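Peer 1: heads up, no residue letters with this:
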């Protein structure tokens, strides 16, 4: 079993437990009562400049604990003050040490649209994201089959959520496009073994047509990395560990943007 298999299996167990505490119908009603909004996450990535999705995460399977101290609200507010276009919040509890409550608090405290970063394996998690105040969810092409991906994208549209569809290779991008993805994130990290190849975004860029937003994920460490992504026409970059390890997150974000 790969790390991805383990995380997906754990997510299914989490969903079953959550359904016992709050049945789907009750959660659906809560999610549908939330304002639909006007696609703030997609809008945040659609400007003329490269957008930055800044991530709140305490740990990862490949690096263990990244932040011994994790004042997630203060981190999210620092990102917002420094000009982050959107904020990604890990809610996976076993290997990333996140939680739904962290997302709820962050989404309530900042004005930037929040992405629920988790291993979505059930429609329940999409309703949950909406009820928690997220503006977008992560859908991983290697976790979902094409029908699931199509159905989950339709549910996101119904609820007024954006979906960042994550792909790592050509077949996954093709699946995402057939399913109707409007935002595709090319992950430079292989989620089966967690190795990172920062050239993956460059290789996959040609596969993503005009009209579909292109996000590069993982492995961005320097302003030079960001410059190369601008050159290939990335619409946004998702940065996690590099910012989480920085003492001064605002200064690091300015550095990555190439600003003095």
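Peer 2: Structure's in. What do you need? Computed from a predicted structure; not experimentally measured.

Peer 1: What segments of the stretch 51-200 of the chain are helices?
Peer 2: Listed from the start of the chain, the stretch 51-200 of the chain has helices (DSSP state H, counting those that start in this stretch) covering 72-81, 100-109, 123-132, 146-159, 170-179, 200-204.

Peer 1: Can you check which of those helices gets nearest to residue 186?
Peer 2: helix 200-204 (4.6 Å; C-beta to C-beta). C-betas here are computed from N, CA, C, even on glycine.

Peer 1: The closest one - what's its average pLDDT?
Peer 2: Taken as a whole, helix 200-204 has an average pLDDT of 90.

Peer 1: Give the next helix or strand downstream of that helix.
Peer 2: Following helix 200-204 in sequence order, the next helix or strand is strand 213-217 (DSSP states H and E).

Peer 1: Enumerate the positions of the next helix or strand after that following strand that are buried.
Peer 2: Using DSSP H and E, the helix or strand that follows strand 213-217 towards the C-terminus is helix 223-231. Within helix 223-231, the residues scored as buried using 16 or more other C-beta atoms under 10 Å are 225, 226, 228, 229.

Peer 1: Output those as a markdown table; include the columns pLDDT and distance to residue 92.
Peer 2: Shown next, in a markdown table, are those (pLDDT from 0 to 100; distance: C-beta to C-beta, whole Å):
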| residue | pLDDT | distance to residue 92 |
| --- | --- | --- |
| 225 | 90 | 25 |
| 226 | 93 | 26 |
| 228 | 91 | 29 |
| 229 | 92 | 25 |
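
Peer 1: Now do stretch 113-126: distance to the chain's middle.
Peer 2: 9 Å (C-alpha atoms, centre = their mean, to the nearest Å).

Peer 1: Just the terminal-to-terminal distance for it.
Peer 2: The first and final residues of stretch 113-126 sit 16 Å from each other (C-alpha to C-alpha, to the nearest Å).

Peer 1: Mind listing residues that contact stretch 88-104?
Peer 2: 3, 6-7, 10-11, 14, 53-61, 65, 70, 72, 76, 106-107, 114-119, 128-129, 132-134, 238, 240 (C-beta atoms under 8 Å, 6 or more residues apart in numbering).

Peer 1: cutoff 6 Å now
Peer 2: 10, 53, 55-59, 61, 72, 106, 114-118, 132-133 (C-beta atoms under 6 Å, 6 or more residues apart in numbering).

Peer 1: ok, now stretch 133-141?
Peer 2: Contacts of stretch 133-141 (C-beta under 6 Å, 6+ apart): 40-41, 104, 107, 113-117, 120, 126, 129, 152, 161-167, 172, 175-176.

Peer 1: Low-confidence stretches in the stretch 101-250 of the chain?
Peer 2: 191-194 (pLDDT under 70).

Peer 1: please redo it, this time with the cut-off set to 80
Peer 2: Residues of the stretch 101-250 of the chain meeting the criterion pLDDT under 80: 189-198.

Peer 1: measure the closest residue to residue 7 other than its chain neighbours to residue 53 for me?
Peer 2: Leaving aside its sequence neighbours, residue 7 sits nearest to residue 119 (C-beta to C-beta, 6 or more residues apart in numbering; 4.8 Å). According to C-beta to C-beta, to the nearest Å, residue 119 and residue 53 sit 18 Å apart.
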